[in-house]
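Student: using only what follows, build the 3D model:
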Amino acid sequence: MLRSLWLDDDDGGRLTGPGPQRAAAARVGTPSVEIVGAGVTGLSCALTLAEAGIAVRVHDARGVAGGASGRNAGFALRGTALAYDEARDALGPQAARELWALSEVALLRLAALAGDAFRPEGSLRLAVDAAERVRIRAEYEALAADGFAAEWREPPVGGCGGRFHGALFHPNDGAIHPLRWIGRLANVARAAGAEIVEGSRVGSLADLAAAHVVVATDGLGAGLLPALDAVIVPARGQVIATAPVQPHTVVCPHYAREGFDYWQQLPDGRLVVGGCRDTDPTREATRDDGVTPQIQSRLEELAAAVLGAPPLITHRWSGSWGETPDRLPLVGPVAEAVAGRSGVWIAAGYSGHGNVLGLACGDLIARGILGEAASVLAPFDPARRFDGAAAPL
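Tutor: Next comes the predicted model:
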């Protein structure tokens, strides 16, 4: 049962299983750019570079979508891990607006690339008590003031027997089938000329001979960049899925308790539920893709609350991502003094919010390599965490 629902629902492996498009070994010669990580960020970067005619090779120790990009709960959300009002306070109004707009453009691009692997349902951020209602209402008012699409919902909302005290509806958000979406992104990148080598573990940046190297492992490539390991900590998200349940009552992705609880219902009625890691935070700070009785029990309780009765659990799995102290990713070039070699770029530490943001950041890293500076990345500058040491954009 420790197998992702997405793996069992992947058209028999048509998109991510063995096939003629999956490279068994690297091509002869050294490419201009080598990318570590075949998740959404690495593949987005590879696609932009390949479309520009740059020789690019992607390495992944597992395979396409083998990490968090293929093992999450399938949410496609705008913004960053910071609520919009928090981002305005932390970064300033202009930077917050630019980042939100960046994520909206990325979400449109994701929808175009993903096809029916994306469902444009919106999302609900739910308040479990009066205090969370105040925080969510503040985000709604900030979004509305800056002209972004947002709707306030009064109770009853979100089901669960009137448990919630209000909600913010994001109409432009949606849900994805992670493996199908990343599989399609990989196929588009391959068609553009990118080389993807699966089962290729990179032990050291010194093993890569390309002029430019992109570390796109969300900060979980232990030992690859020691400075990164010191800044980004792992976080594991455990997930369950149920047998089909009718009627279909969860109309879009839901999340509550500051994002520690989240769930969506698939078109066939299966409920996907994740989170609860705050109940055992020490044990969940891990790269291990296992599950634990404590968290799984809490997820089953949450599923029963959502559905009104205990469901049949068919799948249990987890995926790990990288978290930063300020909940903003590190995206940009890294100084030689920090990386141990020149030409190193990173895009990591999305703090659980990388499905859409990773697509945007992979593209922007590629454009940076191509010589196109992006001021929108300033809040993500690695220098803020690497003791001020970063390479110039």
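
Student: rest of the way, CA atoms for contacts and neighbours
Tutor: OK.

Student: in the stretch 201-350 of the chain, where is pLDDT below threshold?
Tutor: Scanning the stretch 201-350 of the chain for pLDDT under 70 picks out the ranges 219, 221-222.

Student: and residue 255, which of the three is it?
Tutor: At residue 255, secondary structure determined by DSSP: H, G, I helix; E, B strand; the rest coil is strand.

Student: OK, contacts around residue 192?
Tutor: By Cα atoms under 8 Å, 6 or more residues apart in numbering, the contact set of residue 192 is 47, 50, 51.

Student: again, only this time at 10 Å
Tutor: Contact analysis of residue 192 by Cα atoms under 10 Å, 6 or more residues apart in numbering lists 46, 47, 48, 49, 50, 51, 52, 53, 186.

Student: how close does it sit to residue 68?
Tutor: In this view, residue 192 and residue 68 are 24 Å apart by Cα to Cα, to the nearest Å.

Student: can you add distance to residue 92 and give the contacts of residue 192 back as TSV?
Tutor: Shown next, in TSV, are these (distance: Cα to Cα, whole Å):
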residue	distance to residue 92
46	31
47	32
48	29
49	31
50	35
51	34
52	33
53	37
186	35
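
Student: most neighbours among the residues you listed, which one is it?
Tutor: Highest neighbour count within those, by other Cα atoms under 10 Å: residue 46, with 36 neighbours.

Student: give me the pLDDT for it.
Tutor: Residue 46 is assigned 98 on the pLDDT scale.

Student: what's near enough to touch the spatially closest residue to residue 93 that is not a sequence neighbour?
Tutor: Leaving aside its chain neighbours, residue 93 sits nearest to residue 87 (7.9 Å; criterion: Cα to Cα, 6 or more residues apart in numbering). By Cα under 10 Å, 6+ apart, residue 87 lies in contact with 79, 80, 81, 93, 95, 96, 97, 99, 100, 139, 328.

Student: not counting sequence-adjacent ones, nearest residue to the fifth one?
Tutor: Setting aside the residues directly before and after it, residue 95 is nearest to residue 376 in space (Cα to Cα, 6+ apart), at 7.0 Å.

Student: where does the one you found land in three-state SS?
Tutor: Three-state call for residue 376 (three-state DSSP): helix.

Student: since we're on it, how many residues are nearby?
Tutor: 17.

Student: repeat that for residue 149.
Tutor: Other residues near residue 149 number 12, with proximity taken as other Cα under 10 Å.

Student: which SSE is it in?
Tutor: Assigned by DSSP states H and E, residue 149 falls within no helix or strand.

Student: so who does it touch?
Tutor: Applying Cα under 10 Å, 6+ apart to residue 149 gives the contacts 140, 143, 169, 170, 171, 172.

Student: which among the residues you listed count as buried?
Tutor: Neighbour counting by 16 or more other Cα atoms under 10 Å classes 140, 143, 169, 170, 172 among the contacts of residue 149 as buried.

Student: now tabulate those in JSON lines and tack on distance to residue 305, pLDDT and secondary structure.
Tutor: JSON lines is the format used below for those (distance: Cα to Cα, whole Å; pLDDT from 0 to 100; DSSP: H, G, I helix; E, B strand; the rest coil):
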{"residue": "140", "distance to residue 305": "26", "pLDDT": "98", "secondary structure": "helix"}
{"residue": "143", "distance to residue 305": "30", "pLDDT": "98", "secondary structure": "helix"}
{"residue": "169", "distance to residue 305": "21", "pLDDT": "98", "secondary structure": "strand"}
{"residue": "170", "distance to residue 305": "23", "pLDDT": "98", "secondary structure": "strand"}
{"residue": "172", "distance to residue 305": "27", "pLDDT": "97", "secondary structure": "coil"}
